[in-house]
Structures are given as C-alpha cells and as structure tokens.
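> Predicted model follows, preceded by the sequence.
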Amino acid sequence: MGSNTALQYFLFVFVSACGVLQVAAARGRLRGLLLWDEYRWSYVLGLFAVSASFWWFFNVEDWRVAGLEGGPQLVLFAAAAICAIVFTIFFSSLIKALLRSLAKDDPPANIARSRGLGALEEMTYIQAWLLRIRRKTGILSPKETIKRLRRILGETR
C-alpha cells in the first residue's frame, strides 16, 4: 500500500465524513455541532464536501488500480471518521467560543437545564461535556462561584 494512496483515501473519507456530520447536525437542528451558524449553509457546504470528495475519488486519479487491502482500508476509514468527529467537535466549539467572545454574549440562560443530545441545540459539545463534569463533581462555573461568594459576603455584612 503506497503512502500516497493511503493519504488520499484518508482525505476522501475525512472530507466526506465532515460533510455528512454537517448535514446531519443541520437536519437535527444541533447548532452546537455546526461549523457555520446557518442551517442552510451547513446543508450546502456539507453536501458540497461529500460531492466533491466523491467526484475526486472517482474522477481525478485512477489510484484504485493499486488499491488498498481490506485491513488497512478499514483502519484508514475508522481513523478518518474519528478524526472528522474530533475535528467537528473541536472546531465547532472553538468557532462558537470565538464568536461569543467577539459579540460579548453570554451562553443561553437555559443552558443548565439541557441534557442529552438535545443540549447540542443550545451549546457546543465541549460546553455540554464541561457542564456534565460540573454536575457530577459539584464544581461550579466561574459565574456561579462569584454569585455564591457575593451572596455569602452580602449575608456577613
């Protein structure tokens, strides 16, 4: 198996998986997983990513002659799909955090009540994960800590 063939296959699957994740997130109204803030653009760009990678796979180069054997192809497919999931989670969270900091927005007020997959309608995956850790460990967010300290200090004065 040539490294160029393996790299191309990895890229095909990665780009396609990222596109499928964007279409699925837009269809499920999971704003926390979108790389673009509008559902329409997520559909369009996700479908473009899938279509472009398929077109590239079948039309640009006849690399299939050398081919990949079953085992290495399975490993590359799984690795590319996992990388696409990690990429989507990381970059959607990063983009949303940057946009929120530029707009100086606070997270939605009902963020603390969200649970399960529905939480991604209102927050990013990383926000949901951190919220779950806080709930399980009892650790408060910085804002909640400041509110409690102010209440405590206000009561002692």
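Ah, there it is.

> domains for the chain, by residue range?
Per automatic domain parsing, the structural domains of the chain span 1-105, 110-157.

> For the chain, give me the ranges with low pLDDT.
Across the chain, the ranges flagged by pLDDT under 70 are 1-3, 61-68, 100-119, 121, 140-142, 149, 155-157.

> circling back to that earlier point, reformat the domains of the chain into TSV and put mean neighbour count next to each item.
C-betas here are computed from N, CA, C, even on glycine. Formatted as TSV, the domains of the chain follow (neighbours: other CB atoms under 10 Å):
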stretch	mean neighbour count
domain 1-105	15
domain 110-157	13
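
> which element is the most centrally placed residue in the chain on?
Nearest to the mean C-alpha position of the chain, counting by CA atoms, centre = their mean, stands residue 89 at 2.3 Å. Assessed by DSSP states H and E, residue 89 sits inside helix 70-103.

> and the next element down the chain from that helix?
helix 125-137.

> Check which element follows that following helix along the chain.
Next along from helix 125-137, by DSSP H and E: helix 142-156.

> Right, I'll call it a day here.
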